[in-house]
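Enquirer: test case, fold it:
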Amino acid sequence: MNRATPRLRVLAALPFVLALGAHLLVLALWYDRLPDPLATHFGPEGGGRADGFTGRAAYAFVGTALLLAAAVGWNLFVRRTALWGAWATAGFTGTLLVLIPRDNLDAADAAEVVSPLADLAVAAAGAAVLALAGLALSRTVPEPETPPGPGAPDGPRLPLGPGEVAGWSRATGSRPFTALAVLALAAVPVTLLLAPWPEAWLALLGLVVGVPGLALARVRVTVDRRGLTVRPALVPRPRVHVPLDEVTAATVRDVDPVAEFGGWGYRVWPGRTGVVLRSGEALVVRRDSGREFAVTVSDAHTAAALLNTLVERRGRL
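Expert: Okay, here's the model as predicted:
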């Protein structure tokens, strides 16, 4: 399995440690010069005038918790090619956590504090600088080894006569995906009805999460003379299709979604792609490009055996 190396984990955590140090140092140096509470949220009216407030101690706690949670999250999912993202996240978040106290510095009334739009540009610049640093540091991490692919001679076979034709199809799903998608879609009309504008635009987030989530909640996996096809169970599109001409071999393997694919759903990873709805049994197909495609599905052994037989038959034509 392609787990993150200790060096990679350290490099992923480092920018958040630096951002946390800057956050706490600024608060320690300016603590007596900051209003209590601080202005921490700014609206579009009045050129960015404050409309939300947080106590000084609470601000220190929330900022620290946010950086620590982000550090843990990136350590769980980071890969060499995405290290720059951890540094960019730390750069943007850390810069904002420093700029907010600066905007509040020596303010007699936090309600009068204004955060200029330029703060976001400065935070974006900080993210860009640290992203470049993370990209440079990623070159010090060795390339991950691609796990050995299935070998055609050792893969399972399904005995078929010269004139026999066979196909295999099975639906597989994820209850957590279904629940998440339904909740996200249900939140759309509620948000539109109850939330004031422009916050009601957050309803779009429910569509962004709910529609693809519902499409992936249950998929149908099919193996036949055309190759391997994975599509939503309810609609014909979108779909993933691996033509038989591109298949070199198929096998069955237990997969770990986090360690091998960085999570669940439709995943694109160095050396492999997959539709991963759960851990455990998966049909794994080796393509002629050397890449793998995996889909978690029950009775994957039969699917792999049929694919290998069809590949052999194609080679004898």
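Enquirer: give the buried residues for the longest helix along the chain.
Expert: In the chain, with assignment by DSSP state H, the single longest helix is helix 6-30. Neighbour counts over helix 6-30 (16 or more other CB atoms under 10 Å) mark 8-9, 11-16, 18-20, 23, 26-27 as buried. C-betas here are computed from N, CA, C, even on glycine.
Enquirer: closest one of these to residue 271?
Expert: Nearest to residue 271 among the buried residues of helix 6-30: residue 8, at 16.4 Å, using CB to CB.
Enquirer: which one is that closest one nearest to, not counting chain neighbours?
Expert: Closest residue in space to residue 8, ignoring its immediate chain neighbours: residue 141 at 5.1 Å, by CB to CB, 6 or more residues apart in numbering.
Enquirer: contacts for the longest helix of the chain, please.
Expert: For helix 6-30, contacts defined as CB atoms under 8 Å, 6 or more residues apart in numbering pick out 4, 34, 56, 59-60, 63-64, 67-68, 70-71, 74-75, 78-80, 83, 86-87, 89-91, 93-94, 97-98, 101-102, 105, 130, 133-134, 137-138, 140-141.
Enquirer: what subset of those residues is buried?
Expert: Listed as buried from the contacts of helix 6-30 are 4, 34, 56, 59-60, 63, 67, 70-71, 74-75, 78-80, 83, 86-87, 89-91, 93-94, 97-98, 101, 130, 133-134, 137-138, 141; burial here means 16+ other CB under 10 Å.
Enquirer: among the residues you listed, which ones are in strands?
Expert: Among these, none falls in strands (DSSP state E).
Enquirer: break the chain into its domains for me.
Expert: Domain segmentation of the chain under automatic domain parsing yields 6-138, 152-316.
Enquirer: CSV for these, including mean pLDDT?
Expert: Formatted as CSV, the domains of the chain follow (pLDDT from 0 to 100):
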stretch, mean pLDDT
domain 6-138, 86
domain 152-316, 79
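Enquirer: those helices in the protein, which residues are they?
Expert: Assigned by DSSP H, the helices in the chain fall at 6-30, 56-77, 83-104, 118-138, 175-194, 203-217, 300-316.
Enquirer: out of these, nearest to residue 253?
Expert: So among the helices of the chain, helix 300-316 is nearest, using CB to CB, at 8.5 Å.
Enquirer: run through who's touching the closest one.
Expert: Taking CB under 8 Å, 6+ apart as the rule, helix 300-316 contacts 150, 152, 155-160, 166-168, 170, 221, 223-225, 227-228, 244-245, 247-252, 281-285, 297.
Enquirer: buried only: go through these for me.
Expert: Among the contacts of helix 300-316, those scoring as buried are 150, 152, 155-156, 158, 166, 168, 170, 221, 223-224, 227-228, 244, 247-252, 281-285, 297 (criterion: 16+ other CB under 10 Å).
Enquirer: which members of those occur in strands, if any?
Expert: Mapping the buried ones among the contacts of helix 300-316 onto strands (DSSP E) picks out 168, 170, 221, 223-224, 227-228, 247-252, 281-285.
Enquirer: can you tell which of the helices of the chain is closest to residue 264?
Expert: Of the helices of the chain, nearest to residue 264 by CB to CB is helix 175-194, at 7.4 Å.
Enquirer: which elements pack onto the closest one?
Expert: Packing partners of helix 175-194 (3 or more CB pairs under 8 Å, 6 or more residues apart in numbering; DSSP states H and E): helix 203-217.
Enquirer: buried residues, the helix it packs on. List them.
Expert: Quick answer for helix 203-217 (16+ other CB under 10 Å): 203, 206, 209, 210, 212, 213, 214, 215, 216, 217.
Enquirer: tell me what angle it forms with helix 175-194.
Expert: Orientation check (axes from the mean of the first three to the mean of the last three CA atoms, to 10 degrees): helix 203-217 against helix 175-194 gives 160 degrees.
Enquirer: outside of helix 203-217 itself, list whatever touches it.
Expert: Helix 203-217 is contacted by residues 173-174, 177-178, 180-189, 191-192, 195, 232, 234-235, 238, 265-266, 275, 277 when judged by CB under 8 Å, 6+ apart.
Enquirer: same thing but 7 Å
Expert: Helix 203-217 is touched from outside by 173-174, 177-178, 180-181, 184-185, 187-188, 191-192, 232, 265-266, with contacts defined as CB atoms under 7 Å, 6 or more residues apart in numbering.
Enquirer: for stretch 218-228, same thing?
Expert: 165, 167-173, 229-233, 241-244, 247, 275, 283, 285, 295, 297, 303, 306-307, 310.
Enquirer: hmm, which of these are the buried ones?
Expert: Applying 16+ other CB under 10 Å to the contacts of stretch 218-228 flags 168, 170, 172-173, 229-232, 242, 244, 247, 275, 283, 285, 295, 297, 303, 306-307, 310 as buried.
Enquirer: beta partners for residue 168?
Expert: With DSSP bridges as the criterion, residue 168 is bridged to residue 223.
Enquirer: ok, it to residue 309 distance?
Expert: Distance of residue 168 to residue 309, computed by CB to CB, to the nearest Å: 11 Å.
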